[in-house]
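I'll drop the sequence and a predicted model, then ask my questions.
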Amino acid sequence: MDTARLKASWDTVVGYGGQVPLFFYSALFLADPGTREMFPVSMAGQRDKLVSALGHVVSHVDDLDSAVGFLQQLGRDHRKFSVAAEHYPVVGQALLTTLKHFLGQEWIPDLAEDWGAAYKLVSDVMITAARDAAQVLPPWWEAEVVRHERRGVSVAVLTLRLDRPMPYAPGQSVSVETPLRPRVWRYYSPANPARDDGMIELHVRLVDGGTVSSALVQAVGTGDVLRVGPPVGSRLTLSHSQDVVLLCCGTGFAPFKALLGQIAQEGARRRAHLFLGARTAPDFYDTEAVKAFDRTLPQLTVVPTTLDDLRFQGARGHPADVALRYGHWPDAEFYLCGSPDMVTDGRDLLRAAGIGEHRIHFEDFTSQVGPALKTIARGDKDFLL
């Protein structure tokens, strides 16, 4: 397999911009009209995701080992769209048809064979992972909304009762679909450790242009039933026994609330330092929970900080900057959660202060496939396909 030729051909194809996904989906839906039901009613936000993901992953097949974990999760995750093994060949054929159309005379038999082989490698990993996952986990859980609390204008806290317990680790994320936005899934982090009664708490911020977040904050109510996909991610979980420094802004507090719950269950054997950021003081939306942790976890230090509120009497600045002013943290592990800009700025601040990359934890579903996929990996916590 000539991987250099694969990459060069893909670079040629992506030069055609938006024409590529339009042609791809036309080819896919003509070949198998039933696949249209797997996608949202509006394709505007979906149009370039599938073809971009397929092209980037397949054209980087020379480093497939580093992408295996990502592809396995992708295969498992696609079960919630009712994707089955028999759908992969038609998707592959639509991809090859698209490549042939845009490459023209460059589409020679050897290149076609290489692309076919590369796609088979990728699809085999995804199919196997999906088949194995089906033995132990459902594609989704039905979740009744038992409480819906508005916290200010833009945040809602939802308490859901799953139809069966879900095994997950604090710090993982789950995808959520509402019937108000069918086949559109967004990722949120449960704000509590897994419970035997299947109750989970989600913190949702209204995102400008976010179709799912707007529905969950403004339209969903008690008694409504959502779908919740299997847990994903591991980079925000506690896989060590070190003290932790938790740096968050806004609803980035949710996974850290779950981590603090885990630390309490462990018997508070480790120290935790929470630097809780918000744009302004009124944006601290879960103060009662923070006060409860402050009372029950003697090993916890809480430092609220605001970014723009000049009237705020406490610390001001990026949570990472405040944490670095607060102490040196020679042995602690650092966790970041918030907007993409907040996480990026926090990483830069920590690294500039000499904190090793191995001690900085943040969720990034693209980490296993490299920067080529960063533009399609998350948007309002939106996964790829």
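Looks like it came in fine. Numbering: from 1, shown residues only.

ok, the nearest residue to Gly171 once chain neighbours are set aside - contacts?
Closest residue to Gly171 apart from its sequence neighbours, by C-beta to C-beta, 6 or more residues apart in numbering: Leu236 at 3.5 Å. (Each C-beta comes from the backbone N, C-alpha and C, glycine too.) If you count contacts by C-beta atoms under 8 Å, 6 or more residues apart in numbering, Leu236 has them with Gly171, Gln172, Ser189, Pro255, Leu259, Tyr335, Cys337, His361, Phe362, Glu363.

then Trp329?
If a contact means C-beta under 8 Å, 6+ apart, then Trp329 has Asp243, Val245, His273, Ala323, Ile355 as its contacts.

and for Pro170, the neighbour number?
By other C-beta atoms under 10 Å, 23 other residues sit near Pro170.

wait, isn't it in contact with Ile200?
No - assessed by C-beta atoms under 8 Å, Pro170 is found out of contact with Ile200, at 11.1 Å.

tell me, what's touching these two both at once?
Joint contacts of Pro170 and Ile200 (C-beta under 8 Å, 6+ apart) are Pro190, Asn192, Ala194.

and which of these is nearest to Glu288?
Among the shared contacts of Pro170 and Ile200, Asn192 lies closest to Glu288 (C-beta to C-beta), at 14.4 Å.

all helices for this protein, in order.
3-14, 19-31, 49-59, 64-77, 87-103, 109-134, 211-214, 253-265, 287-296, 319-326, 340-352, 374-377 (DSSP state H).

by contact count, what packs against the longest one?
Right, helix 109-134. helix 3-14, helix 49-59, helix 64-77, helix 87-103 (3 or more C-beta pairs under 8 Å, 6 or more residues apart in numbering; DSSP states H and E).

single out the most deeply packed of those.
Most buried of the helices and strands packed on helix 109-134 by mean neighbour count (mean count of other C-beta atoms under 10 Å) is helix 49-59; its value is a mean of 22.

could you dump the helices of the chain to JSON lines with mean pLDDT?
Shown next, in JSON lines, are the helices of the chain (pLDDT from 0 to 100):
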{"stretch": "helix 3-14", "mean pLDDT": "88"}
{"stretch": "helix 19-31", "mean pLDDT": "90"}
{"stretch": "helix 49-59", "mean pLDDT": "70"}
{"stretch": "helix 64-77", "mean pLDDT": "81"}
{"stretch": "helix 87-103", "mean pLDDT": "93"}
{"stretch": "helix 109-134", "mean pLDDT": "92"}
{"stretch": "helix 211-214", "mean pLDDT": "92"}
{"stretch": "helix 253-265", "mean pLDDT": "96"}
{"stretch": "helix 287-296", "mean pLDDT": "93"}
{"stretch": "helix 319-326", "mean pLDDT": "95"}
{"stretch": "helix 340-352", "mean pLDDT": "95"}
{"stretch": "helix 374-377", "mean pLDDT": "32"}
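
got those as TSV, with distance to Val225 columns?
Shown next, in TSV, are the helices of the chain (distance: least, C-beta to C-beta, whole Å):
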stretch	distance to Val225
helix 3-14	40
helix 19-31	29
helix 49-59	26
helix 64-77	21
helix 87-103	26
helix 109-134	22
helix 211-214	15
helix 253-265	21
helix 287-296	26
helix 319-326	36
helix 340-352	31
helix 374-377	28
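
out of the ones you listed, nearest to Gly229?
Judging the helices of the chain by C-beta to C-beta, what sits closest to Gly229 is helix 64-77, at 6.7 Å.

any idea how far the closest one is from the chain center?
Centre-to-centre, helix 64-77 and its host chain are 14 Å apart (C-alpha atoms, centre = their mean, to the nearest Å).

now swap in stretch 281-299 and tell me
Put simply, stretch 281-299 sits 26 Å off its chain's centre (C-alpha atoms, centre = their mean).

for that stretch, how far is the first residue from the last?
Length of stretch 281-299, first residue to last, C-alpha to C-alpha, to the nearest Å: 25 Å.

check which residues of that stretch are buried.
By neighbour count on 16 or more other C-beta atoms under 10 Å, the buried set for stretch 281-299 is Asp283, Phe284, Tyr285, Asp286, Ala289, Val290, Phe293, Leu297.

ok, stretch 339-355 next?
Met342, Val343, Asp345, Gly346, Arg347, Leu349, Leu350, Ile355.

kindly report the same for stretch 169-179.
Buried residues in stretch 169-179 (16+ other C-beta under 10 Å): Ala169, Pro170, Gly171, Gln172, Ser173, Val174, Ser175, Val176, Glu177, Thr178.

go on, stretch 315-335?
315, 317-324, 326, 329, 332-335.

circling back to that earlier point, need the helices and strands packed on helix 109-134 in JSON lines (columns: distance to Trp140).
As requested, these are arranged in JSON lines below (distance: least, C-beta to C-beta, whole Å):
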{"stretch": "helix 3-14", "distance to Trp140": "33"}
{"stretch": "helix 49-59", "distance to Trp140": "20"}
{"stretch": "helix 64-77", "distance to Trp140": "10"}
{"stretch": "helix 87-103", "distance to Trp140": "18"}
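
fine by me, we can end here.
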